[in-house]
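> coordinates only, sequence not included:
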């Protein structure tokens with residue numbers, strides 16, 4: 001019986017990899033004609049200086065956070 005990191009499939013499932021885990025999905029932001037891509041929702045939140053919940057809500061409600069229009073990349 002393997003535990004966590006010993007398992008070669010740990011973190012490789014859909015829930016961890018991003019297709020079902022919104023925190024692990026890439027985020028695309030647009031502001032003033034400029035585009036930026038973050039590797040995760042948490043990285044976006046840290047750089048913009050807001051909570052991950054604020055980023056998640058902005059994406060879900062198609063609103064802006066710190067002037068950035070944000071969306072998940074598929």
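Thanks, I have the structure now. This one's a predicted model, so the numbers in the text were calculated from it and none came from an experiment.
> ok, which stretches of the protein are strands?
Taking DSSP state E as the criterion, the chain carries its strands at 27-31, 34-38, 64-65, 68-72.
> Out of those strands, flag the one nearest residue 6.
Residue 6 sits nearest to strand 34-38 of all the strands of the chain, at 30.2 Å, using CB to CB. Quick note: C-beta positions are derived from backbone N, CA and C, even for glycine.
> got the angle between that closest one and strand 68-72?
40 degrees (axes from the mean of the first three to the mean of the last three CA atoms, to 10 degrees).
> on that earlier part again, please convert the strands of the chain to TSV, extending it with mean neighbour count.
As requested, the strands of the chain are arranged in TSV below (neighbours: other CB atoms under 10 Å):
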stretch	mean neighbour count
strand 27-31	18
strand 34-38	13
strand 64-65	17
strand 68-72	18
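> Quick check: bridge partners of the residue nearest to residue 37 when sequence neighbours are not counted?
Nearest residue to residue 37 in three dimensions, chain neighbours excluded: residue 28, at 5.4 Å (CB to CB, 6 or more residues apart in numbering). With DSSP bridges as the criterion, residue 28 is bridged to residue 37, residue 71.
> For residue 28, give me its contacts.
The neighbours of residue 28, taking CB atoms under 8 Å, 6 or more residues apart in numbering as the test, are 35-37, 70-73.
> Good, we can wrap up now.
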